[in-house]
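# Sharing a model prediction with you, sequence too.
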Amino acid sequence: MRGGDEFSETVRRGTRAGGRHVVAHILTRSTHADAARVGFVVSKSVGNAVRRNLVKRRLRALMATRVERYAGRSVVVRALAGAADASFADLDSDLGRCLARAEAKAGGRR
């Protein structure tokens with residue numbers, strides 16, 4: 001996901017679930033055959049550029065293992081301030097919980 005409009009639409013119209021380190025927004029776009037579109041928001045509240053990039057790389061790696069599950073959907077993952085101090089395992093479990101909760105709120109619709 002690259003355009004600001006895509007991020008805005010997913011955040012505004014999608015289903016949201018938050019955790020200690022991340023907030024996930026999921027929006028069903030179209031048919032299940034379309035590839036998932038994933039975007040990340042890591043603001044300056046997370047830390048300096050080095051810390052923000054570290055968090056982004058970790059979140060990308062974690063989503064890469066889950067991306068097939070979200071075919072036909074847009075997903076925005078927003079890192080919270082505590083994400084910089086979280087371990088990879090903590091981010092993994094928090095992201096998994098947030099995505100599962102957002103999916104459940106949406107009723108598992110595709």
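Cool, got the structure.

# What residues of whichever helix in the chain runs longest count as buried?
Ranked by residue count under DSSP state H, the longest helix found in the chain is helix 88-105. By neighbour count on 16 or more other CB atoms under 10 Å, the buried set for helix 88-105 is 91, 92, 93, 94, 95, 97, 98, 99, 101, 102, 103. Just so you know, the C-beta spots here come from the backbone N, C-alpha and C atoms, and that holds for glycine as well.

# Return the member of those nearest to residue 85.
Taking CB to CB as the measure, residue 91 is the one of the buried residues of helix 88-105 closest to residue 85, at 10.3 Å.

# and the closest one, what does it touch?
Residues in contact with residue 91 (CB atoms under 8 Å, 6 or more residues apart in numbering) are 21, 22, 55, 58, 59, 62, 83.

# Need those in TSV (columns: pLDDT, secondary structure and neighbour count).
Listed next are the contacts of residue 91 as TSV, based on pLDDT from 0 to 100; DSSP: H, G, I helix; E, B strand; the rest coil; neighbours: other CB atoms under 10 Å:
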residue	pLDDT	secondary structure	neighbour count
21	96	coil	24
22	97	strand	26
55	97	helix	23
58	97	helix	19
59	97	helix	23
62	97	helix	20
83	95	helix	28
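
# Of the buried residues of helix 88-105, which is the nearest to residue 34?
Comparing these against residue 34 with CB to CB places residue 103 closest, at 16.9 Å.

# Please give me every residue in contact with the closest one.
By CB under 8 Å, 6+ apart, the residues touching residue 103 are 15, 26.

# ok, then the element right after the host helix or strand of residue 8?
For residue 8, the host element (DSSP states H and E) is helix 4-13. Remark: after helix 4-13, the chain's next helix or strand is strand 15-18, criterion DSSP H and E.
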